[in-house]
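Chemist: Show me how the following folds:
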Amino acid sequence: MKIAISGKGGVGKTTISAFLIKALEDMGRKVLAIDADPSPHLARVLGFENAAEIRPIAEMQELLQERSERNGPFYKLNPKVDDLPEKFMQQKGNVRLMVLGAIQQGGAGCACADNAVLKSLLNMLLLSPDEDIVLDMEAGVEHLGRGTISTVDHLLVVVQPYKGSLETAKKIQRLAEDLGLEHLEFIANNVEDEADIDFIVSELGRKPLGVFWSSKEVRQAERASMPLSEACPQCMKTAKDILKQLEQSR
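Modeler: Numbers count the residues shown, from 1 in each chain. Predicted structure coming up:
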């Protein structure tokens, strides 16, 4: 099962990704976790050792230039990337983690060559037949505009009960429909009460597939750089319920 997590910046995509990844592992599955956020934090919330020292591929300028064979405005459209997972993959239990990051700007020139390397690597990882995949995407809708995740089985859009989050979610939904992604669901996060759920439903016109309630324990665990899964048993139950529903819908 290949799951991509999207949504507006700050809604908790990485938090939800961490719970889903741990839930899959608890179910006895092998999981490939891909962090494609410009500010990657998935390693830390999953409890990987030396998480702060893991350097995203997107920041390895020499590597990106070498693989893209960039020469002025010219670069290789299909760069060699098949050896990169072995070199840069992290592993903890049954979870393998690849920290891609994302190119935030092109500096004085175009970032197309660097993005070609990241896109080739991401596409290769998404073809992995032996693992479940959870992809923590960059914020917003631009990645959908590029069609990056057209091969995933499920797109989960994380929302919080405020208009900015829900407006972005509706844009993501429209773009996903344009790409032909049939399995899109909304996940509500940081919900305080039933009024929050009612507001989300009134804005989106449908119920979220799962609801993660506001949790002081999760906030404290994040601040202490502890694995989030150890802080909130109810969150883990919610994640497992979401995965069961996704499997039933296939």
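Chemist: from here on, contacts and neighbour counts on C-alpha atoms
Modeler: OK.
Chemist: Where do the helices of this structure begin and end?
Modeler: Using DSSP state H, the helices assigned to the chain run over residues 13-26, 42-46, 61-68, 84-88, 112-126, 142-145, 163-179, 194-204, 216-223, 233-248.
Chemist: averaging pLDDT over each of the ones you listed, which comes out lowest?
Modeler: When the helices of the chain are compared by mean pLDDT, helix 142-145 comes last with a mean of 71.
Chemist: Show me what that helix is packed up against.
Modeler: helix 163-179 (3 or more CA pairs under 8 Å, 6 or more residues apart in numbering; DSSP states H and E).
Chemist: Grab the CA positions of stretch 194-210 and hand them over as CSV.
Modeler: Taking only C-alpha atoms (Å, rounded to 0.1, in the frame of the first residue of the first chain), the coordinates of stretch 194-210 have been written out as CSV:
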residue,chain,number,x,y,z
GLU,A,194,-17.4,18.0,18.0
ALA,A,195,-17.9,21.6,16.8
ASP,A,196,-14.5,21.4,15.1
ILE,A,197,-15.6,18.2,13.3
ASP,A,198,-18.9,19.8,12.3
PHE,A,199,-16.9,22.8,10.9
ILE,A,200,-14.6,20.5,8.9
VAL,A,201,-17.6,18.6,7.5
SER,A,202,-19.5,21.8,6.6
GLU,A,203,-16.4,23.1,4.6
LEU,A,204,-15.4,19.8,2.9
GLY,A,205,-18.9,18.3,2.4
ARG,A,206,-17.8,15.0,3.8
LYS,A,207,-16.5,13.4,7.0
PRO,A,208,-12.8,12.8,7.6
LEU,A,209,-11.6,9.2,7.4
GLY,A,210,-10.0,9.6,10.8
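Chemist: how about it: buried residues?
Modeler: If you call a residue buried by 16 or more other CA atoms under 10 Å, then stretch 194-210 has these buried ones: Asp196, Ile197, Phe199, Ile200, Val201, Lys207, Pro208, Leu209, Gly210.
Chemist: Dead centre of the protein: give me the residue that sits there.
Modeler: For the chain, the residue whose C-alpha lies nearest the mean C-alpha position (CA atoms, centre = their mean) is Asp136; its distance is 0.9 Å.
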